[in-house]
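1. sequence below, structure please.
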Amino acid sequence: MGTIFASSDLLGKNIRGWQVVRQLDNNDNTTRYARFFYVEKNGENAIMKVIDSEKCNTGDKEEGLSRNALLSRETTAFNYETKIAETCAGQHMGNVIRYIESGEIELEGYPIPTVTYIVYEQSEGKIGDFLTFSSKAAFAADLKMLIEKLRSLHQVAKGVRQLHTHFIAHHNITPQSIEVFESHGKYKLSGLHTSRSQQEDLQSPEHYRLFNGDFTFAPPEAFFAYKISDEMVAYYQIDTYMLGNLIVYYLTALNITTLLNHHLPYSLKEMASHNANYLAVLPEITNAFNTVLSNLKSCVRIDELEQPIIELIECLCNPDPERRGYPGSFKTSRANADLQRVITRLDVLYNKAELILARKNRV
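-> Got it, this is the predicted structure:
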């Protein structure tokens with residue numbers, strides 16, 4: 001035995017019938033205190049997520065947190081994720097990763113024997129493993145990939161709407177949380193650990209923070225001490241922005257947040273660190289946003305789809321949270337919670353792209 005932590009020595013072990021086959025790489029900084037494993041049970045393949053007790057106890061210390069407090073926080077967050085995953089499974093959300101089971105066991109022979117785990121269905125990989133980006137040289141290949149990207153966006157938006165229907169905001173819609181199934185035919189949202197819920201029995205341990213996801217993809221207001229009277233509205237607005245941000249990533253391999261920073265005199269983080277009022281700097285951010293939109297037009301490559309895709313990004317990623325969302329959506333009582341207009345628009349764009357490809361193939 002080379003470690004005192006059972007959670008660091010799971011390869012080949014049997015966890016309540018799940019045989020641990022191998023460990024996965026983890027490149028998601030929002031899950032830095034977790035380990036992921038391929039597991040198998042009775043012919044079913046799955047992914048097991050485990051609290052990384054070793055990293056909690058021996059990794060880099062977080063400022064202001066003791067080791068015990070860090071482990072307690074991660075355990076609380078894990079329990080929250082389990083409840084959210086169970087809720088999603090109970091509501092049969094077809095575009096959200098399927099929860100299988102969870103639990104806690106102690107393995108003999110380890111001074112720190114506890115293994116806390118969640119088991120999810122196994123995908124074929126993250127969306128980033130399958131994407132290619134436009135090159136002017138291959139129209140048909142680019143269009144086929146754009147069709148697949150639009151199919152993915154349509155299904156991701158359905159997954160977000162399924163969560164919103166049950167008063168859950170995802171809060172971290174990034175390439176790391178998009179799972180691919182059935183050789184590109186099916187896409188689902190994972191990464192439920194960053195979510196927010198309005199339900200009293202499903203309160204996130206990080207509920208006091210406006211944003212708990214990957215700041216690389218964060219909406220601009222997340223960097224500031226921005227407040228809105230209805231917290232769930234703020235969370236839905238974040239989901240709306242991140243959905244649009246995903247479209248930009250699919251087109252450019254970058255995202256609106258990164259591109260905004262390129263067109264501002266100071267980064268969003270630097271602006272916020274000087275105690276700037278978000279509404280005061282919003283005009284400057286909006287000007288940068290308009291510049292980014294103008295530059296994005298050349299990234300679509302397909303003339304007939306350029307304008308509607310840019311318009312969709314403009315609606316979803318508006319730097320002003322109060323104006324964010326597809327026209328007609330943000331006037332509802334739960335701003336941007338119902339993404340049906342966005343889903344319909346993505347469906348139209350997907351079908352239009354398929355017609356363009358069919359027409360091209362007939363020539």
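
2. can you give me the neighbour number for N45?
-> By other Cβ atoms under 10 Å, 11 other residues sit near N45. Quick note: C-beta positions are derived from backbone N, CA and C, even for glycine.

3. what does the one 10 residues further on give?
-> A count of neighbours around K55, defined by other Cβ under 10 Å, yields 19.

4. quick one: it from I118, how far?
-> Noted for K55: a distance of 17 Å to I118, by Cβ to Cβ, to the nearest Å.

5. how about the nearest residue to H274, chain neighbours excluded?
-> Nearest in space to H274, with sequence neighbours left out and distances taken as Cβ to Cβ, 6 or more residues apart in numbering, is Y266 at 7.9 Å.

6. give me the pLDDT value at that neighbour.
-> pLDDT for Y266: 91.

7. pretty sure it is in a helix, no?
-> No. Assessed with DSSP: H, G, I helix; E, B strand; the rest coil, Y266 is coil; it does not lie in a helix.

8. what is the neighbour count of it?
-> The tally of other residues near Y266 (other Cβ under 10 Å) stands at 14.

9. swap in I97?
-> With other Cβ under 10 Å as criterion, I97 counts 23.

10. and if you look at the one 10 residues further on?
-> Residue neighbour count, defined by other Cβ under 10 Å, stands at 17 for L107.

11. tell me the contacts of the nearest residue to it once chain neighbours are set aside?
-> Distances taken as Cβ to Cβ, 6+ apart put A6 closest to L107, at 4.1 Å, once the chain neighbours are dropped. Neighbour list for A6: 53, 106-107, 110, 112-115 [criterion: Cβ atoms under 8 Å, 6 or more residues apart in numbering].

12. now the residue nearest to N29 when sequence neighbours are not counted: phi and psi?
-> What sits nearest to N29 in space, not counting adjacent residues and going by Cβ to Cβ, 6+ apart, is D214, at 6.5 Å. Per-residue torsions, D214: phi -80, psi 110 (degrees, to the nearest 10).

13. I figured D214 hits P175, correct?
-> No. Contact between D214 and P175 fails when scored by Cβ atoms under 8 Å: they sit 9.7 Å apart.

14. higher neighbour count, the two?
-> D214 (22 against 18).

15. what comes into contact with the helix or strand hosting K188?
-> With secondary structure defined by DSSP states H and E, K188 is part of strand 186-189. Strand 186-189 has contacts (Cβ under 8 Å, 6+ apart) with 94-98, 123, 127, 151-152, 155-156, 159-160, 163, 170, 173, 177-181.
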